[in-house]
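Colleague: this is a predicted model, with the sequence first.
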Amino acid sequence: MRTRTLGDVQVSAIGLGAMPMSIEGRPDEQRSVATIHAALDAGITLIDTADAYHLHADEVGHNEALIARALASYGGDASDVLVATKGGHLRPGDGSWTLDGSPQHLREACEASLQRLGVEAIGLYQFHRPDPQVPYEESVGAVRDLLDEGKIRMAGVSNADPEQIRLAQEVLGGRLVSVQNQFSPAFRSSEPELRLCDELGIAFLPWSPLGGITNAGELGAKHAAFQEVAQDRGVSPQQVCLAWELAKSPVVLPIPGSSRPETIRDSAAAAELQLSPDEVARLDAA
């Protein structure tokens, strides 16, 4: 599989977004583990998670613990797998989402994530979402302190605008390695953040790159150009979508969500699909 650079680490060009395995509509654990193992078999070495990926109030970190069990039970070598997790977003257990970007919470959240993942240092830790009640530089400053202390190996931010990306880069002393924002054919408003990441050489991780859990299966029906290119190439429109995102910049690392082995295998194959400049332009204009 093609690779991309994330900080000073080479990872697969396509990552696995593990969230669907822990929220509404989650599969049983056997299928989730099989999906993670299928991703590893396909050459995926980047897995995205967060402590807030869970359903009930008493199971914070469900997704992180699931990933840890899947990696431990994998029959092959998983030593090069980078697990990226996040803190600062919370789910009280009633289906809603809340925020806590306070330095104290981020420190406590990181310590809990370390325990669930069973590691001495988290490969990539990202501030999940800005908290209007806390100055952004204070939240990112907490992540900087975790980096300085060796609790995390790399630092990133998520759901950030260009001003916040520049501020995070300043607070982290030039050590910001990733920005994780929503981006897909139906959601292109993060183009400015993508361009800034390209300019700064920071990895851009589109979340919901296929349009989200409920829309991914209908991507071709909703976006005719992607369906047409897929038919011409003899692949799925989902593969075309991921290949299009990869073609936009060498800093792009899509992390499609999956909860079935067959869908992550299809997504992984997009790393080898090279679109022509004409195809990319056609998709850009769709």
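Modeller: Right, received. Where do you want to start?
Colleague: the strands in the stretch 101-250 of the chain, which residues?
Modeller: Along the stretch 101-250 of the chain, counting by DSSP state E, counting those that start in this stretch, strands occupy 124-127, 155-158, 176-182, 203-207.
Colleague: got TSV for the ones you listed, with mean neighbour count too?
Modeller: Bear in mind the C-beta positions are built from the backbone N, C-alpha and C, glycine included. Output for those, formatted as TSV (neighbours: other C-beta atoms under 10 Å):
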stretch	mean neighbour count
strand 124-127	26
strand 155-158	26
strand 176-182	24
strand 203-207	26
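Colleague: kindly reformat those strands as JSON lines containing mean pLDDT and distance to residue 243.
Modeller: Conversion of these to JSON lines gives the following (pLDDT from 0 to 100; distance: least, C-beta to C-beta, whole Å):
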{"stretch": "strand 124-127", "mean pLDDT": "98", "distance to residue 243": "24"}
{"stretch": "strand 155-158", "mean pLDDT": "98", "distance to residue 243": "23"}
{"stretch": "strand 176-182", "mean pLDDT": "98", "distance to residue 243": "19"}
{"stretch": "strand 203-207", "mean pLDDT": "98", "distance to residue 243": "13"}
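Colleague: now render those as TSV, adding distance to residue 286.
Modeller: Listed next are the strands of the stretch 101-250 of the chain as TSV, based on distance: least, C-beta to C-beta, whole Å:
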stretch	distance to residue 286
strand 124-127	30
strand 155-158	26
strand 176-182	18
strand 203-207	17
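Colleague: looking at the protein, which helix is longest?
Modeller: Ordering each helix of the chain by length in residues (DSSP state H) puts helix 103-117 first.
Colleague: just to revisit the earlier point, residue 18 is nearest to which of the strands of the stretch 101-250 of the chain?
Modeller: Closest approach to residue 18 among the strands of the stretch 101-250 of the chain is made by strand 203-207 (11.6 Å; C-beta to C-beta).
Colleague: list of residues touching the helix-or-strand element of the chain with minimal mean pLDDT?
Modeller: Using mean pLDDT, DSSP states H and E, helix 219-222 stands out as the lowest-scoring helix or strand of the chain, at a mean of 92. Contact with helix 219-222 is made by 185, 186, 210, 211, 215, 226, 227, 230, 236, 237, 238, 241, as judged by C-beta atoms under 8 Å, 6 or more residues apart in numbering.
Colleague: how far out from the middle of the chain is that helix?
Modeller: With C-alpha atoms, centre = their mean, to the nearest Å as the basis, helix 219-222 stands 22 Å off its chain's centre.
Colleague: buried ones in it?
Modeller: Going by neighbour count (16 or more other C-beta atoms under 10 Å), the buried part of helix 219-222 is 219, 220.
Colleague: go on, stretch 101-113?
Modeller: 101, 102, 103, 105, 106, 107, 109, 110, 113.
Colleague: just stretch 77-88 next, same as before
Modeller: Result for stretch 77-88 [16+ other C-beta under 10 Å]: buried residues 78, 81, 82, 83, 84, 85, 86, 87, 88.
Colleague: skipping adjacent residues, who's closest to residue 177 in space?
Modeller: Closest residue in space to residue 177, ignoring its immediate chain neighbours: residue 7 at 3.7 Å, by C-beta to C-beta, 6 or more residues apart in numbering.
Colleague: gap between the one you found and residue 32?
Modeller: In this view, residue 7 and residue 32 are 27 Å apart by C-beta to C-beta, to the nearest Å.
Colleague: and the longest helix of the chain, what other elements does it pack with?
Modeller: In this structure, helix 103-117 packs against helix 62-73, strand 82-87, strand 124-127, helix 136-148, with contacts taken as 3 or more C-beta pairs under 8 Å, 6 or more residues apart in numbering; DSSP states H and E.
Colleague: as TSV, those with distance to residue 219 would be great.
Modeller: Compiled in TSV, those are given as follows (distance: least, C-beta to C-beta, whole Å):
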stretch	distance to residue 219
helix 62-73	24
strand 82-87	24
strand 124-127	26
helix 136-148	33
